[in-house]
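Trainee: Here is a sequence together with a model predicted from it:
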Amino acid sequence: MITQQFPAFQEARVTLPTLYLENNDSASAATLLTNGLTLAPKDVSLTLLYARTLLMENHAAEALQTIETIADTAGDNSTYVDLLASIQQSLGHYSDAIPLYQALLAQDPNNSRWLISLSICF
């Protein structure tokens, strides 16, 4: 596998798990992502993808713990904020999700998914 031959090939560490997820193979994606995070524990792309994988597998609490490890690095990155809001919402932490969705909507007020998610939180 390319990730074993070229462990520092970051693009492969993101692309291959994405392909696994698109084919509903979250276990293989999670394995690759955890291996990648062992090499680069603060990598934002890998962490976001791993947290998304955990959320897809209904492990929202673990996804929250994972995504919190990059809070300082990710800052107001919309992909990070979007995923954090989704995780908070799935955990029923609506009061935490609301300001996140509001911040996202300030950037893109016509995003229907964020509008719907915000309305669910109320």
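Mentor: Sure thing, it's come through.

Trainee: and the residue most central in space within the chain, what are its phi and psi?
Mentor: In the chain, the C-alpha nearest the mean C-alpha coordinate belongs to L48, at 3.3 Å (C-alpha atoms, centre = their mean). Main-chain torsions, L48, degrees, to the nearest 10: phi -60, psi -40.

Trainee: Show me the strands in the protein, by range?
Mentor: In order along the chain, the chain carries no strands (DSSP state E).

Trainee: what residue ranges in it score low on pLDDT?
Mentor: 1-10 (pLDDT under 70).

Trainee: picking up where we left off before, can you tell me which residues contact the residue nearest to the centre of the chain?
Mentor: 67, 70, 74, 79-80, 83 (C-beta atoms under 8 Å, 6 or more residues apart in numbering). In this view, the C-beta of every residue, glycine as well, is placed from N, C-alpha and C.

Trainee: neighbours around the closest residue to A40 other than its chain neighbours, how many?
Mentor: Closest residue in space to A40, ignoring its immediate chain neighbours: L46 at 6.4 Å, by C-beta to C-beta, 6 or more residues apart in numbering. By the criterion of other C-beta atoms under 10 Å, L46 has 24 neighbours.

Trainee: Throw the contacts of L48 into TSV and include distance to L55, thanks.
Mentor: Formatted as TSV, the contacts of L48 follow (distance: C-beta to C-beta, whole Å):
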residue	distance to L55
I67	9
I70	15
A74	16
T79	13
Y80	13
L83	7
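
Trainee: Kindly provide the distance from L91 to A60.
Mentor: According to C-beta to C-beta, to the nearest Å, L91 and A60 sit 5 Å apart.
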